[in-house]
Structure formats: structure tokens, C-alpha cells
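In: Sequence isn't available, so here's the structure alone:
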């Protein structure tokens, strides 16, 4: 076992060395997007040459980093071995709760799978189709080396592309398998985070780590947000998984003297492999979505705060701070290497990350409200009981000071991201903040544990249990009864069953004509009426049917035309962009 971590570090160093030695032209050809190259009339795009050259440089740096930094981390870990370790709650029996935790985790996974399978086959929404049509269908090179629109969640898109190749085709379930697996794995990762958090500084008044882990497993399985993101072919469930793993690994590394099996007197686990794994997980998170960088940035702030507030001359706090700095450097170099092929193109569209048009999602809007509600595990009003439990957990900080570091580690990235968006003049959707879900689930479980403990002293345990059961029922109801995010397929199927074969059809929405994807499957040509339908009047021949996405974003002139000359035939409810997710089907009035 002790050779696993060194072998992994060596393998990564060798891999990056081999990639750095690959000729630039071979890499540029691999990273070139075939459709964009065809449109430009070239074999290899110039931006692909830039990305390939940068990739070779980044790989050389990463190879060096994976040789030097793990060894340095091992030296830092060695300086912690003599430090006093935070005690595990050895007074509590270990074997029976461990078996119970495993059974509870299996039950949570089973329930979580059932909820997710019920929504796995619903219609793709805009971003899923955009990522499929613009990236996933063109293979690994185009995914890794291209970023001309923002729908490329690189690691997730790469896995989706592999699923298409493996299955020999694509449908909703196939494309969503990576997100589904990540969402299910996140249940176990969140449970582990909860256990590590309660073992951070245990005492007789601390809640049982097993109880908090059980509650966290249940919350992760039933969380409406995590259920929804687990059945969406995007990278958000992977963000949750990597966030939970990164925070749990960091907490575990920060108590390196704790025994792997304290009740049996097992030998201490060295911390440096944990820091190396932490670096890998953080790099994978950033590779999935750039907003994930806020989480390790929050970890850095927590480490700085620990050093600033530690006892003068505390060798352990300084060593852990230095070890985290090295691990973050390793994560940064690795993330830079895997993102390098697409960085030149990403930088060329950097203006699109600024809120310049006035219609981007701002913090002082419905998106800001949903970010706050997400701490209660839902984007709707059934989040309020969860928010109350989170508030109870924070109210208990004075009595349970040991939970300060775990909560800070898992949640500090959220205010950092919000502050960055506010200061930089950028924009964000509530889903960008899902990396904070593991911390919010931890807080919710701690709050529920505090409430159960208080109710036990007052003889009201059954009442609290009923309340928690009611919250679970509310979340299950939301997950089951919420309509599809954007039922594009439903609208196309409705139209296909009613429109004549020769009928002309168009679609109005955002820049990509994503409704055409389902049109091809139905053997129907769907013309592009432009953003918000602004090109509707100029289409030739004039369409007889119109599919409208994002109806609140219709061009005013198009909206006026529709009200006068068209009849609304059907409306399919959706929840994307909160009150803008319906898909409408219009038929043009005959003279």
C-alpha cells in the first residue's frame, strides 16, 4: 500500500513528460476542431498551434512539479508526525456503528438511484444539446482543445464523448451516465466528509460521527439540487463529487496523527499522499468547471487564518499551511496543463464572461436568491427548512467550536466566488455554486443532529424525527413532480404528430438552434429564426409553425408579430432560468 502514492506520482510525471515530448504539429492536429477547421478552410487552426505549444510547456512544468512537490510534501508531513493528534471518539463502539453506516449508505444510494432513474430519460435542455453538437460528437481532441462557446465542461464533455463512442450512438440516458455516476458517488463522498468533520476535534459533547454521516448520506441522496444535476449531461454533479472529496481529504490530512483504525491501535497514516490526492481532485474539479477554483482558494484562506490565529511557534499549523500551499501549487500546475490546449481560445472570448449586455444573470436577481436557497438543498421554497437546520448548526459554533474548521473548509469558497463576481463585473448562475453543496449538507446534518440532541433532552425526539421525515418527503416530491428542465423534445414530438409532412417549421431561442437536434431525429427540418425570433420575418419560405424557447427573452418585434398573426397551440412547462423554461408551440394564422 505504501507504494501506491509514489507510483501514482511517478506515473503522472512520466505521462506529462511524454506529452511534453510530443511534436507540436501532432498535438495541434489532434486538438483541431474538424468543423471549425473546415469553415476556416484550413487543415489545422492557428489557435490549435498556440494551444499545443502552451500544452507542451505546461506538461513540462507539470512533470517537474510531480517529481519535486510530492517529495517536498513528504518532508512537511514528516514534521507533523510528532504532533499531538486530535483524538478519535474511541469511547464510542466502532464496529456496530460502522456496519450501520454502511447499511445506511447503501440504502441512501438505492433511494438516490431510484429518484435519479425516474428523470434520466427526460428531454435534453439547451446546454446539453449545445455541448453535444459543438463538442462531444467531434471526439476527444476537439473537446480538449476547443472553447469557442461556454458549454464545454471539459472533463464531463470528454467522458460524454467516450460514452457516445462506447455505445455507438447517443440518447439522453447515454449522455447522462457520467453525471449520474458522479451524483451517486457524491453520496458516499459527502458521507465521508461528514465523518471527517465530526472527527476533527472530538469530545464528549460532539455529535456522533456516525449519526452525522447517516444524515449527510440521506440529505445527499434526496437533495433536489443534487438529484437534478445528476440527471443532466453537464459537469455540476462532478463538481459536487470533487468538492466533497477535496474537503474530506484536506480535513483528513490536517489530522495526520490520527490512526487509520484508532480503536485497534493501527499505525498513523502519512499525510503527504493525501495532499497529492487532494491536488489531483482539485485539478479535476477545475478541469470540469472553472468556478470550482473558488473551493481551493477558500481552503487557502482557511489555512492562512489557522496560521494567523495559532499559538505562537506552533510547528504543526505552519507545517500544514506549507503543505497545503505546496498541494495547491501542484493542483494549479496540473490544472494549467490539462486546460492549456484551450486557453488561447478561451482568452479570445474572455469578454463574454463580463456582464456587458444587461441580460446576464446578476447576483441581485433571481439567481442570487437561488444561490442563497441552495444552502437548504433546493432552489425553491422547500429549501427553507434546510436553511433553518443550517442556521442551527452555525448557532452551535460557540458550544461546538470544533466544527468551525470543517465548515470553513467546505463553505469558504462560496463567498469568495460571490465576491469575485461582484467585484469583477462578471455574471453567474446559481448552479455554478454547487461546489458548496457538500458543506451545506454537512451544516444541515450537524443542525439536525443538534436538534435531535436537544429534543432528546426534552422528550420530543419523535416530533423532530417526524419533521425531518416531512422535509425528506418535500424534497422527494420536488424531485418527482418538477417538470423537465426544458422540454424541447416534448414540443417537437407534439408538433410532429400534428403538422403536415410538408409544413415548414422554425425555432426561436438562443444563438444555437438546438431544437433542430430533435428535428433531425423526427426527420423534420427546423429552421433558425434567430436569437429571440428576430429573423422570423425574413425566413424563406415563411414558417407555418414556430417553437419558442426562453419565451421571456423574445425579441419585442417578434413577440408583437406572434400576438397578432400566430396562435399559441401548446405550452410545455419547464424550470430552466426559473420562470423562463416553458417551450411554446405557435401556428401561423391562415388568411
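Out: Looks like it came in fine. Keep in mind the model is a prediction, meaning the values are calculated, not measured.

In: Tell me where this protein has strands.
Out: Secondary structure of the chain (DSSP state E): strands at 505-509, 526-531, 545-548, 566-572, 583-588.

In: okay if I get those as CSV plus distance to residue 291?
Out: The C-beta positions use only the backbone N, C-alpha and C, and glycine is treated the same way. As requested, these are exported to CSV (distance: least, CB to CB, whole Å):
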stretch, distance to residue 291
strand 505-509, 24
strand 526-531, 25
strand 545-548, 30
strand 566-572, 30
strand 583-588, 27
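
In: could those be laid out in CSV, adding mean neighbour count, distance to residue 129 and mean pLDDT?
Out: Converted to CSV, the strands of the chain look like this (neighbours: other CB atoms under 10 Å; distance: least, CB to CB, whole Å; pLDDT from 0 to 100):
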stretch, mean neighbour count, distance to residue 129, mean pLDDT
strand 505-509, 26, 11, 94
strand 526-531, 21, 12, 94
strand 545-548, 26, 13, 96
strand 566-572, 16, 16, 96
strand 583-588, 22, 13, 96
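
In: what stretches of the stretch 251-400 of the chain score poorly on pLDDT?
Out: The stretch 251-400 of the chain contains residues with pLDDT under 70 at 256-270, 310-316, 355-359.

In: if we go to 50?
Out: For the stretch 251-400 of the chain, residues meeting the criterion pLDDT under 50 lie at 258-269, 312-313.

In: now that we're looking at residue 393, how far away is residue 434 from it?
Out: 19 Å (CB to CB, to the nearest Å).

In: what do you get for residue 304?
Out: When residue 304 is compared with residue 434 (using CB to CB), they lie 25 Å apart.

In: neighbour count winner among those two?
Out: More crowded of residue 304 and residue 434, by other CB atoms under 10 Å: residue 434, with 25 against 13.

In: Run a quick neighbour tally on the residue lying closest to that one once chain neighbours are set aside.
Out: Among residues not flanking residue 434 along the chain, residue 236 sits closest, at 4.9 Å (CB to CB, 6 or more residues apart in numbering). Neighbour count for residue 236, taken as other CB under 10 Å: 28.

In: quick one, domains of the protein?
Out: Following automatic domain parsing, the chain resolves into domains at 45-83+95-260+269-481, 488-588.

In: As CSV, these with distance to residue 33 would be great.
Out: Formatted as CSV, these follow (distance: least, CB to CB, whole Å):
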stretch, distance to residue 33
domain 45-83+95-260+269-481, 4
domain 488-588, 15
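
In: Deepest in the core, which of these is it.
Out: domain 45-83+95-260+269-481 (a mean of 20; mean count of other CB atoms under 10 Å).

In: can you pull the contacts of the closest residue to residue 479 other than its chain neighbours?
Out: Of all residues not flanking residue 479 in the chain, residue 227 sits nearest, at 4.5 Å (CB to CB, 6+ apart). Contacts of residue 227 were listed using CB atoms under 8 Å, 6 or more residues apart in numbering, and they are 112, 115, 116, 119, 183, 479.

In: what's the distance between residue 227 and residue 187?
Out: Counting by CB to CB - residue 227 and residue 187 are separated by 11 Å.

In: Now for the two: what residues contact both?
Out: By CB under 8 Å, 6+ apart, the residues touching both residue 227 and residue 187 are residue 112.

In: Is residue 428 in contact with residue 363, as I believe?
Out: Yes: under the criterion of CB atoms under 8 Å, residue 428 makes contact with residue 363 at 7.3 Å.

In: list the residues that contact both of those two?
Out: 371, 421.

In: I'd like the distance from the residue nearest to residue 479 to residue 481, if you could.
Out: 12 Å.

In: for residue 438, same thing?
Out: 26 Å.

In: can you check residue 385 too?
Out: 18 Å.

In: where along the stretch 451-591 of the chain do the helices fall?
Out: Per DSSP state H, counting those that start in this stretch, the stretch 451-591 of the chain carries helices over the ranges 461-481, 488-498, 515-521, 556-565.

In: Mean pLDDT and distance to residue 246 for those - can I get that in JSON lines?
Out: Shown next, in JSON lines, are the helices of the stretch 451-591 of the chain (pLDDT from 0 to 100; distance: least, CB to CB, whole Å):
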{"stretch": "helix 461-481", "mean pLDDT": "94", "distance to residue 246": "25"}
{"stretch": "helix 488-498", "mean pLDDT": "94", "distance to residue 246": "35"}
{"stretch": "helix 515-521", "mean pLDDT": "95", "distance to residue 246": "35"}
{"stretch": "helix 556-565", "mean pLDDT": "94", "distance to residue 246": "46"}
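
In: Select, out of the ones you listed, the one closest to residue 145.
Out: With respect to residue 145, and counting by CB to CB, the nearest of those is helix 515-521 at 23.4 Å.

In: what's the closest one packed up against?
Out: In terms of contacts (3 or more CB pairs under 8 Å, 6 or more residues apart in numbering; DSSP states H and E), helix 515-521 is packed against helix 126-134, helix 488-498, strand 505-509, strand 526-531.

In: again, only this time at 7 Å
Out: Applying 3 or more CB pairs under 7 Å, 6 or more residues apart in numbering; DSSP states H and E, one finds that helix 515-521 contacts helix 488-498, strand 526-531.

In: Name the single longest helix found in this protein.
Out: helix 46-78 (DSSP state H).

In: hang on, the earlier thing: could the helices of the stretch 451-591 of the chain go into a markdown table alongside distance to residue 25?
Out: Formatted as a markdown table, the helices of the stretch 451-591 of the chain follow (distance: least, CB to CB, whole Å):
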| stretch | distance to residue 25 |
| --- | --- |
| helix 461-481 | 50 |
| helix 488-498 | 40 |
| helix 515-521 | 34 |
| helix 556-565 | 47 |
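
In: Residue 106: which of those helices is closest?
Out: Here helix 461-481 is closest among these (CB to CB), at 17.2 Å.

In: any idea how far residue 72 is from residue 275?
Out: 10 Å.

In: scratch that, residue 305 is what I was asking about
Out: On the measure of CB to CB, residue 305 and residue 275 end up 19 Å apart.

In: same thing with residue 384?
Out: 39 Å.

In: Then residue 457?
Out: From residue 457 to residue 275 the distance is 41 Å (CB to CB).

In: same deal with residue 380?
Out: Taken as CB to CB, the span from residue 380 to residue 275 is 39 Å.
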